[in-house]
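**Q** Here is a sequence with its predicted model. Questions after.
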Amino acid sequence: MGPEADNWGEVRKLTASDRAVGDRFGWSVGISGDTVVAGAFGDDSNRGAAYIYERNKGGADNWGEVKKLTASDGAAGDLFGISVSISGDTVVVGAYGDDTFIGAAYIYERNKNGMAPAAENWGEVKKLTASDGTAAEFFGYSVGISGDTVVVAAIGDDSNRGAAYIYERNKGVMGPEAENWGEVKKLTASDRASEDRFGFSVSISGDTVVVGASGDDSNRGAAYIYERNKNGMAPTAENWGEVKKLTASDGASEDRFGWSVGISGDTVVVGAEGDDSNRGSAYIYERNKNGMAPAAENWGEVKKLTASDGAAGDLFGYSVGISGDTVVVGAYFDDSLRGSAYIFTCEEIAPNTPPTIAPMNATRTAGTAVSVSKIAEVSDAEDAENTLSVTAMLQSGMGVTITGISVDVLGNVTASIAAGCTATTSTFELKVTDSGELMATAILTVTVNPNPLPVLSYTNKSLGVGKTALFYPSTGPSDNVGVTSLVLQSVTPSTGLSLSLNTSNGVITVLSASIAGTYIVEVVATDNCGAQRTATFNVTVTCPTTTLSTLANGQAGVAYNRTITVTPAGSYTFTVISGALPPGLVLDETTGAITGTPGATGTFNFTVRAAGTSGCSATRAYSLVISCPMVTVGPASLPAATQGVFYSQTVTVAPAGSYGFVLSFGSLPPGLALNAMTGEISGTPVLKGSYYVTVRASGFGACTGSRSYLLVVQ
C-alpha cells in the first residue's frame, strides 16, 4: 500500500532475549532510521539495561536484537535505561540512580573501536556526569540526542528546580573519532523556582533544545526553548541561550504541561497529561508562528490536541513524539491501564479560519451591582477547539464598564457589566481573536435605565425569651434594583438580643433573645449610587410562664437531698425570701439543691425565688414537714457480765443524732449504771443473776426508740 493510505500496521512485537519479571522493558524507547533502542531499567536488581534492534536483523522487517547494553560500572539500583535516545549510530542512556542518585548518562557507538557499522559492536564510549553533580539530583532522568549533541536533565538540581546539561562529541578535541563528549553548557530556567522539576522531559533537534518543567507555577507546567546560536552568535560559540518560555493558552493548576516534550525542526509538541481532570492534552508550537521569520523565535501555539474518545484519567500526553509533520501522543491510563497512542498529521493541526461574533445587547438599571451576562456568541466552525480571546472597548457613553470576559467551548461570551449612576446608552466594540490571531469585530449596546431609591419596611414583633424569629421586609433588595449594601446599623440596648441580616434578601433572624425587654432595631439600605433608606422597628422580648418544682418531706436525722427545678430551664439564682429552712438544711443558690440532715421535727414554712439572667423570675411557697424517723436501739442483745469483773457496753441508736437514755423498765445488776448522755452501761457487778431491763433513747424532740435486754451476771 502507498504511504498515503496511512495503514500503519503492526510488523513486530519486540521483547528482550533474556527478559524476566520486573525488567520493565520498554519504559523508554527511541528510533532513528532502521534502529530501535528500548530501555529496561528494572533488569538485574534495577541495574538496568538497554537493547538495540535492527530492522533487517534475521530477515526483512524482522527487527532482531543485536546488542544488550549495560553500564561498564553498573550497580544495583542505578536504573540504567530509565531514559534512552538515539541519533544515527549513537545512543545515550540515562541512569539517574547512579552513585546515590547523583545520576549519570552513557554514550554508546555502533562502530566502537573503529569497527564497521555492520558489525553492530555498540560499545560504550563515555560516561557523562554533571560538573557540579550532588546526591539526589537525578541526572539522567531524561535524555536527548541529535547528531553530535546530547542533552541530559537533572530534575533534582537545586531543591528540585532542575537543570539540563549540553554535551558535545568534539568538545575540547576536534574530530568525531575523539569521542570526548565534553560538557558545554548548564541550562536553567530564567524564572526557575523550587519544585519546578525543570528537565522532567527533554528533546533536541539540531541547534534547538526544548525542556519541560511540569511543576512550574503550581503544576501548571511550562516548557523552555534554547538555541545554540542565541543572540546571533555562531553555533561554535555554544551560547545555548533561552529564547522562549512556552505555556498553555488555557493552562490551569495541576495540568502538568511539560510532562513530555518533542521537537522536530521548527515544530514542538508539549504534553499536559493532567489537563481536564487528567484527560490530558498536547499542544503544538511553531517557530515562525504568524509568518514571522525563524530568527524571530516567536514559537507561538498553533493547536491543542485531545483524544477523540478521551475520558477522565486517560493521561493523554503522558508521552509525545514528533517527526516532520506527524505527531504521536501516548495515553498511558486509557482503557483501564491498557493504554493507547494517537497519531496526528499536519493536516489535522492546520491553522483555523477567521471566527465570527454576534453581539447580544444588554440593559441595566443605574447603580445596580455588577452582574454577569451573555454579551455575544462566537462561531468558528472550522475548528471547534480553537483558543479564542474576546475584548470589549468603550466607543461612546459613560459610566458602564465590562470586565471578566470569558468564552466557553460552545462560543458563548459572558462578562461582568457594571452600570454607573447615570441613565445612558453606551456602545462597545467587541473584538474576537483566535489562536491563529485571526480577528472579527462587532458593536455591543448597553442601555442604562434610571434607578429608584431603595425602600425597606419591617413590622414590630414580640417573642419569648430563648425563642428565635424571622423578620421579613415588606420590600427587600430584590424589590429595589441597585441596592448594593444592607447593614444592621444598630440594636438598642446593645446586649440581650442577637440578630443576623441576610444582605441578599433583607431577612433578619433573631439568633438569641436572652434578656426580656424592648429593643429598637435599625437597618440601612444603600444603593450603588449612595442613596440610603433607614428602616426602624421594635422587638419585644417577653418572659415565659416560669414554675418551680415541688419538694418532698423529710425525716429528722436522715440525709435530705432535693433540687428545685425551673421550667423553662435556664440559668437561675435561688434565694429564700421568707421563712426559714428546717435546722440542718441549706439551699445552694446556683443549683437550687436543698441538702443536709434535719435536726428537728415539725412543719417549716418558707418561700424560694428563682431569678434568671434573662430578667425573668418566679417564686414558690413551701411547707416542708420533717417527721420522726424510725429510731432503732442496738445492739440486739447485751453480752454477759462476770461478777467482780469490770463491764462496759454502749447502747447505739440509728439514725445518728443527739439522744438521752433512760431505763424504762427493770433495773441493772448492782454495781452497773446507765450513762444518760452516752448510753454506756458500765461498772463492776457484785451479784450473780439474770436481770431484765428496757433501755429507751429520746432525740429530735419527741422521737423515741427502745429495746429490752436480759443481762446475765455469771
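**A** All right, it came through fine.

**Q** can you pull the contacts of Ile86?
**A** Residues near Ile86 by C-beta atoms under 8 Å, 6 or more residues apart in numbering: Gly30, Ile31, Ser32, Thr35, Val36, Val37, Val92, Ile145. C-beta here means a position set from N, CA and C on the backbone, and glycine is covered the same way.

**Q** do that again at 6 Å, thanks
**A** Gly30, Ser32, Val37 (C-beta atoms under 6 Å, 6 or more residues apart in numbering).

**Q** The second one and Ile145, how far apart?
**A** If I follow you right, that is Ser32. 9 Å (C-beta to C-beta, to the nearest Å).

**Q** Common neighbours of those two, please.
**A** Ser87.

**Q** higher neighbour count, those two?
**A** Ile145 (25 against 16; other C-beta atoms under 10 Å).

**Q** Thought Ser87 was touching that one, still the case?
**A** Yes: with contact defined as C-beta atoms under 6 Å, Ile145 counts as touching Ser87 (4.4 Å).

**Q** any residues touching the helix or strand that contains Leu710, and which ones?
**A** Here Leu710 is covered by strand 703-713, with elements defined by DSSP states H and E. The contact list for strand 703-713 (C-beta under 6 Å, 6+ apart) reads 628, 631-633, 638, 640-641, 643, 664, 669, 685, 688-694, 696-698.

**Q** Restrict it to CA atoms and write it as PDB.
**A** The C-alpha coordinates for strand 703-713 follow below in PDB (Å, rounded to 0.1, in the frame of the first residue of the first chain):
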ATOM      1  CA  CYS A 703     -38.700  10.900 118.700                       C
ATOM      2  CA  THR A 704     -38.000   7.700 120.800                       C
ATOM      3  CA  GLY A 705     -37.000   4.100 120.400                       C
ATOM      4  CA  SER A 706     -36.400   1.300 123.000                       C
ATOM      5  CA  ARG A 707     -35.100  -2.300 123.300                       C
ATOM      6  CA  SER A 708     -35.500  -4.900 126.100                       C
ATOM      7  CA  TYR A 709     -32.500  -6.900 127.300                       C
ATOM      8  CA  LEU A 710     -31.600  -9.900 129.500                       C
ATOM      9  CA  LEU A 711     -28.300  -9.100 131.200                       C
ATOM     10  CA  VAL A 712     -26.800 -12.200 132.900                       C
ATOM     11  CA  VAL A 713     -24.100 -11.900 135.600                       C
END
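
**Q** thinking again about what came up before, would you mind giving me the PyMOL syntax to select the buried ones in the contacts of strand 703-713?
**A** In PyMOL, this line selects whichever of the contacts of strand 703-713 come out buried by 16 or more other C-beta atoms under 10 Å:
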select buried, resi 628+631+633+638+641+669+685+691+693+696+697+698
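
**Q** Is the nearest residue to Ala358 once chain neighbours are set aside bridged to anything, and to what?
**A** Excluding its sequence neighbours, the residue lying closest to Ala358 (C-beta to C-beta, 6 or more residues apart in numbering) is Glu377, at 4.9 Å. Note on Glu377: beta-bridge partners by DSSP bridges are Ala358, Asn412.

**Q** Settle this for me: Glu377 is touching Leu410, isn't it.
**A** No: judged on C-beta under 6 Å, Glu377 makes no contact with Leu410 at a distance of 8.4 Å.

**Q** For the two, indicate the residue with more neighbours.
**A** Between Glu377 and Leu410, counted using other C-beta under 10 Å, the more crowded position is Glu377 (15 against 9).

**Q** mind checking pLDDT for the residue nearest to Ala358?
**A** Each residue has a pLDDT score; the one for Glu377 is 85.

**Q** And for Thr459?
**A** 88.

**Q** Buried residues, the helix or strand containing Asn561. List them.
**A** Element membership for Asn561, per DSSP H and E: strand 560-563. Going by neighbour count (16+ other C-beta under 10 Å), the buried part of strand 560-563 is Tyr560, Arg562.

**Q** Any idea how far whichever helix or strand comes after it is from the middle of the chain?
**A** Later in the chain than strand 560-563, the nearest helix or strand by DSSP H and E is strand 566-567. Here strand 566-567 is found 46 Å from its chain centre; the criterion is C-alpha atoms, centre = their mean, to the nearest Å.

**Q** who touches strand 566-567?
**A** Thr547, Leu548, Tyr572, Ala610.

**Q** for stretch 465-474, same thing?
**A** By C-beta under 6 Å, 6+ apart, stretch 465-474 touches 456-458, 463, 506-510, 513, 516, 541, 543-544, 614, 616.

**Q** again, only using 8 Å
**A** For stretch 465-474, using C-beta under 8 Å, 6+ apart, the contacting residues are 456-459, 461, 463, 506-516, 535, 537, 539, 541-544, 568, 570, 612, 614, 616.

**Q** quick one on the thing from earlier: can you lay out the contacts of strand 566-567 as a markdown table showing pLDDT and distance to Tyr283?
**A** As requested, the contacts of strand 566-567 are exported to a markdown table (pLDDT from 0 to 100; distance: C-beta to C-beta, whole Å):
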| residue | pLDDT | distance to Tyr283 |
| --- | --- | --- |
| Thr547 | 93 | 78 |
| Leu548 | 92 | 79 |
| Tyr572 | 93 | 73 |
| Ala610 | 95 | 77 |
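
**Q** Kindly indicate which of the residues you listed lies nearest Ala331.
**A** Of all those, Ala331 sits closest to Tyr572, with 71.5 Å by C-beta to C-beta.

**Q** show me what contacts the closest one?
**A** Val566, Gly592, Ala610, Ala611, Gly612, Thr613, Ser617.

**Q** Mind picking the lowest-pLDDT entry from the residues you listed?
**A** Within the contacts of Tyr572, lowest confidence goes to Thr613 (87).

**Q** With Ala593 as the reference, measure out to that residue.
**A** 19 Å.

**Q** And for Ser571?
**A** 15 Å.

**Q** These two: which is more packed in?
**A** Neighbour totals were compared for Ser571 and Ala593, and Ala593 leads with 14 against 11 (other C-beta under 10 Å).

**Q** what sits against that one?
**A** Contacts of Ala593 (C-beta under 8 Å, 6+ apart): Asn561, Arg562, Thr563, Ile564, Leu587.

**Q** Rebuild the residues you listed as TSV, extending it with pLDDT.
**A** Formatted as TSV, those follow (pLDDT from 0 to 100):
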residue	pLDDT
Asn561	97
Arg562	97
Thr563	96
Ile564	96
Leu587	97
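
**Q** Considering these, which is situated nearest to Gly162?
**A** Using C-beta to C-beta, the contacts of Ala593 come closest to Gly162 at Thr563, 72.9 Å.

**Q** intersection of neighbour lists for Ile145 and Ser87?
**A** What both Ile145 and Ser87 touch, as defined by C-beta under 8 Å, 6+ apart, is an empty set.

**Q** I'd like to know how far Asn278 sits from Ala525.
**A** Distance of Asn278 to Ala525, computed by C-beta to C-beta: 48 Å.
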